[in-house]
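A.B. asks: got a predicted structure here, sequence first:
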Amino acid sequence: MEEQDIVSSTEATSGAPGTSQGVIPAHLLRGQKALVTGANSGIGRATAVALGRAGADVVVNYVAGKDEAEKVVEEITGFGVRAAAYEADVSDEQQVVAMTDRMVREFGTIDILVANAGLQRDAPFTEMTLAQWQKVLDVNLTGQFLCAREATKEFLRRGVVPEVSRAAGKIICMSSVHQIIPWAGHVNYASSKGGVQMMMETLAQELAPKKIRVNAIAPGAIRTPINRSAWDTPEALEDLLRLIPYDRVGDPEDIGHAAVGLASDLMDYVVGTTLYVDGGMTLFPGFATGG
């Protein structure tokens, strides 16, 4: 399922959006500076807001939709922290370098990167164009590589500041259940997320001795406009819930909460792990009765 462009919701009934706001301690990330890419909507927005609620100052990255990004900034500053909206295409090396440099100048440093920006360009395999293939790889995989590389340079320059965090830096890669579940008709997307998994694990192995923690979140079915047809009718929702043992579709806040946890010192010993936030989708529920 696509993890961007999520619509927030509030009801807590079976198969319906849950009350996912929860209680995030406002001190959990106090003093830390976070960059969230693709943060003007969907999972990125929910994650940026959750980090701000936990006390972090947040840079809200966007490539289009400035007005929406400014609304996210306004919501975050309501928690008494700093926030700013930065426009940058994560697939463009020069723009990523400039964005990171600007953040270090204006916010002093970067402690947390959530590499969330991503997109889909779906087509049957024999009809998929090279442009569709390449665009998804450029944004979903190369974009995460570029952002992680530039953030890591700042982590290494600054090192560990014990009063801020036990780690020199935290990178959270936004992946998908489709890093391990094949998805016919979406070969570019699934391939990009499989690449994110191996990139994350390799970076985690390489950077852990430097006290840099790299992990990933793999959302499952999340309510998004792009897959609205999968859940906006009773019939479609019933079909979708057959894939989800927990019997509800995810909310954006579910992912935001997971990001706060991974970014905090509460999970300081968690390195190179993918946290599946999917209601059990990766348990392949069809096999519960023998397949």
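C.D. replies: The structure has been received and is ready for your questions. Numbers count the residues shown, from 1 in each chain.
A.B. asks: pretty sure residue 76 is touching residue 83, no?
C.D. replies: Yes. Counting by Cβ atoms under 8 Å, residue 83 is a contact partner of residue 76 at 3.9 Å. Glycine gets a C-beta too; all of them are placed from N, C-alpha and C.
A.B. asks: which helix or strand in the protein has the lowest average pLDDT?
C.D. replies: helix 234-241 (a mean of 88; mean pLDDT, DSSP states H and E).
A.B. asks: now do the buried residues in that helix.
C.D. replies: Buried residues in helix 234-241, counting neighbours by 16 or more other Cβ atoms under 10 Å, are found at 240-241.
A.B. asks: this protein: helices as residue ranges?
C.D. replies: Listed in chain order, the helices of the chain (DSSP state H) span 42-53, 66-77, 93-107, 130-137, 143-158, 187-207, 234-241, 252-263.
A.B. asks: could you give the angle of the second one to helix 42-53?
C.D. replies: It stands for helix 66-77. Counting by axes from the mean of the first three to the mean of the last three Cα atoms, to 10 degrees, helix 66-77 points 30 degrees away from the direction of helix 42-53.
A.B. asks: swap in the fourth one?
C.D. replies: In this structure, helix 130-137 runs at an angle of 20 degrees to helix 42-53, with the same axes, to 10 degrees as the basis.
A.B. asks: packing partners for helix 130-137?
C.D. replies: Counting contacts by 3 or more Cβ pairs under 8 Å, 6 or more residues apart in numbering; DSSP states H and E, helix 130-137 packs against helix 187-207.
A.B. asks: what do you get for the first one?
C.D. replies: Of the remaining helices and strands, those touching helix 42-53 by 3+ Cβ pairs under 8 Å, 6+ apart are strand 33-36, strand 57-62, helix 66-77, strand 112-115, helix 252-263.
A.B. asks: what's the distance between the residue sitting furthest away from the middle of the chain and residue 282?
C.D. replies: Relative to the centre of the chain, the most outlying C-alpha is that of residue 290, 33.6 Å out, by Cα atoms, centre = their mean. Look at residue 290 and residue 282: by Cβ to Cβ, to the nearest Å, they are 19 Å apart.
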